[in-house]
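Engineer: For reference, the sequence and a predicted model appear below.
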Amino acid sequence: MDRRRFLQASVSAALAASLPARAAFEDALYHPTQIVTDIDAVTGDGAQLTLAKAAVQEFSDSLKGKLLLPGSPGYDDARQLLNPSFDKHPALVVQPTGAADVSSAVSFARDNSLLLAVKCGGHSLSGKSSCDGGMELDLSTLRDVYVDPIAQTARVDGGSLLGELDHEAMAFGLVTTAGTVSHTGVGGLTLGGGFGRLARRFGLAADNVLAFDVVTADGKLQRASADRNPDLYWALRGGGGNFGVVTSFLFRLHPMQRQVIKGEFTFPFSETKQMLKFFGEYSEALPDEMHAGVYFGAGPGMPEPIAAISVVWSGDPARTEEFVAPIRKAGTIVKETLEPMDYVALQRSGDIDDPRANSQYVKSGFIRSFTPQLADDLVDNFEISPDRSTWIGTQQSGGAIGRVANDATAFAFRDAGHNLLSFVTWKFGTDPAEHIKYIKAHWQHVEKYTTGFYVNDAFNETQAEINANYRGNYPRLEKIKRVYDPTNLFRLNANITPA
């Protein structure tokens, strides 16, 4: 017996002698899904089609990751989105382990004209992270973050969550802009632009991407950076998921102390107008290290509505009082909280009460400034109901975001001062009609103060509204879309149709 056969026989004997060890060994092996029948599916245009059993089996055999079908273990977890109102049933769910699987999945979807949804964190306000009858590419198995503290960069797998990036980078005293809810997907946030508590200081998440590895509609893995495929690099920074599936991001990181100052100042609802008008002037004079927002509203079980100014100061702690003291002159402070907080803990602090976990409807738009007229119209037309939560809030822009030209990246709202959001949430399973009717009516009074909307907040806008939202960047985006996705395979997004 030669040496190889001897070793094989020894391993087989050892496994046979230990059933638990053998079971563990077999679990580690790749087991492609066995396809027992043809599969009914839908195309991107909504037409019905049948995927032949043999073709699906060949596709399953090509994967290292999992192919899940309805009824498969893990299928229901994979298709679930954050908002329970969306209950979609894809014909296929692919869970890739790397770029090769992503390439295979994209090629299979393209060759069969399948409707394709890409899910990272599952936060899509409009439920486009999954689909009925098509293929869902679930990136939850493609998560890892590697920080290079010398180069001050982080390589982040395409399915990673923001909390993973924050946790790994902050361990080295480094950060980059990464949203406000830790279970948000890095991919969706960044491709749409990427706001966050540090965006005024360090720019949008998209501004901090040095390179993308992306699988385009032809199934090829491309590198997009300032010197490789620069047109694609430009488009991926604000153009959403229109151009491919990003399998890896290379982020620039910035040194920052771990502790920041978190402040919350609550006012009587009767002083909301006064507070908003103060905020309009106050927010325009803040340094980049301060992120300030304002919100007001009410929900079931609350004794009365509230109004508040929320701040995060990431600069020199000794200067905190200099920039928060004016807030105390805005009105009657009902409650004040001002305390140092671990930045990673702060990023996780909104995870449980994230409104996207409820049935909801959202309207949003960019405003240049918070004018007295806007404050009046927001409050005069605000109503509360015991059956819903209704909130109006802002996310501050400006600072480093505004020092980039509107056409330097696909993100076209560098001139905005705030992102204004009106949203209503209600108990899952109840009739949404009255709630949606109300928030639409309220928005009609304030829409005239807004310009466009954040693509990551896109809900049910018309194609004409989406096209206009890319502003002067739309013609260039349309041409790039034609090059990299001529059949509009990647359409479940704030969609750019090929020129």
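Structural biologist: Received it, and whenever you're ready, just let me know what you need.

Engineer: Would you agree Q80 is in contact with G122?
Structural biologist: Yes. The pair Q80 and G122 passes the contact test of CB atoms under 8 Å, sitting 7.0 Å apart. Yep, even glycine has a C-beta here, placed from its N, CA and C like the rest.

Engineer: Give me the buried positions along stretch 296-311.
Structural biologist: 296-299, 305-311 (16 or more other CB atoms under 10 Å).

Engineer: for stretch 446-455, that is, sorry about that
Structural biologist: 446, 449-455.

Engineer: As a check, name the ranges of all helices in the stretch 351-499 of the chain.
Structural biologist: 372-380, 433-446, 463-469, 474-484 (DSSP state H, counting those that start in this stretch).

Engineer: circling back to that earlier point, now, among the buried residues of stretch 446-455, which is nearest to A217?
Structural biologist: V455 (19.4 Å; CB to CB).

Engineer: wouldn't the closest one be in contact with G238 here?
Structural biologist: Yes. Here V455 reaches G238: they are 7.3 Å apart, a contact under CB under 8 Å.

Engineer: Where does the prediction get shaky in the protein?
Structural biologist: 1-30, 354-357 (pLDDT under 70).

Engineer: Outline the domain layout of it.
Structural biologist: Annotated domains of the chain cover 1-30, 39-141, 259-463 [automatic domain parsing].

Engineer: which residues are in contact with the helix or strand containing T320?
Structural biologist: T320 is located in helix 320-324, with elements delineated by DSSP states H and E. Identification of contacts with helix 320-324 by CB atoms under 8 Å, 6 or more residues apart in numbering yields 261, 263, 265, 286-287, 290, 311, 313, 338.

Engineer: Next, the buried residues of it.
Structural biologist: 320, 323-324.

Engineer: Ok, stretch 264-273 next?
Structural biologist: 265-269, 271-273.

Engineer: Can you give the distance from that stretch to the centre of its chain?
Structural biologist: Its chain's C-alpha centre and that of stretch 264-273 lie 30 Å apart, by CA atoms, centre = their mean, to the nearest Å.

Engineer: Equivalent analysis for stretch 397-407, please.
Structural biologist: The answer for stretch 397-407 is 20 Å, by CA atoms, centre = their mean.

Engineer: for stretch 62-71, same thing?
Structural biologist: That offset, for stretch 62-71, works out to 25 Å (CA atoms, centre = their mean).

Engineer: With stretch 40-47 instead?
Structural biologist: Worked out by CA atoms, centre = their mean, stretch 40-47 lies 26 Å from the chain centre.

Engineer: What are the neighbouring residues in contact with the nearest residue to L253 once chain neighbours are set aside?
Structural biologist: Computed as CB to CB, 6 or more residues apart in numbering, the closest residue to L253 that is not its neighbour in sequence is L174, at 3.9 Å. Residues near L174 by CB under 8 Å, 6+ apart: 147, 149, 152, 154, 253-256.

Engineer: Kindly reformat the residues you listed as JSON lines and extend each row with distance to R228.
Structural biologist: JSON lines is the format used below for those (distance: CB to CB, whole Å):
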{"residue": "V147", "distance to R228": "23"}
{"residue": "P149", "distance to R228": "25"}
{"residue": "Q152", "distance to R228": "21"}
{"residue": "A154", "distance to R228": "19"}
{"residue": "L253", "distance to R228": "21"}
{"residue": "H254", "distance to R228": "24"}
{"residue": "P255", "distance to R228": "28"}
{"residue": "M256", "distance to R228": "29"}
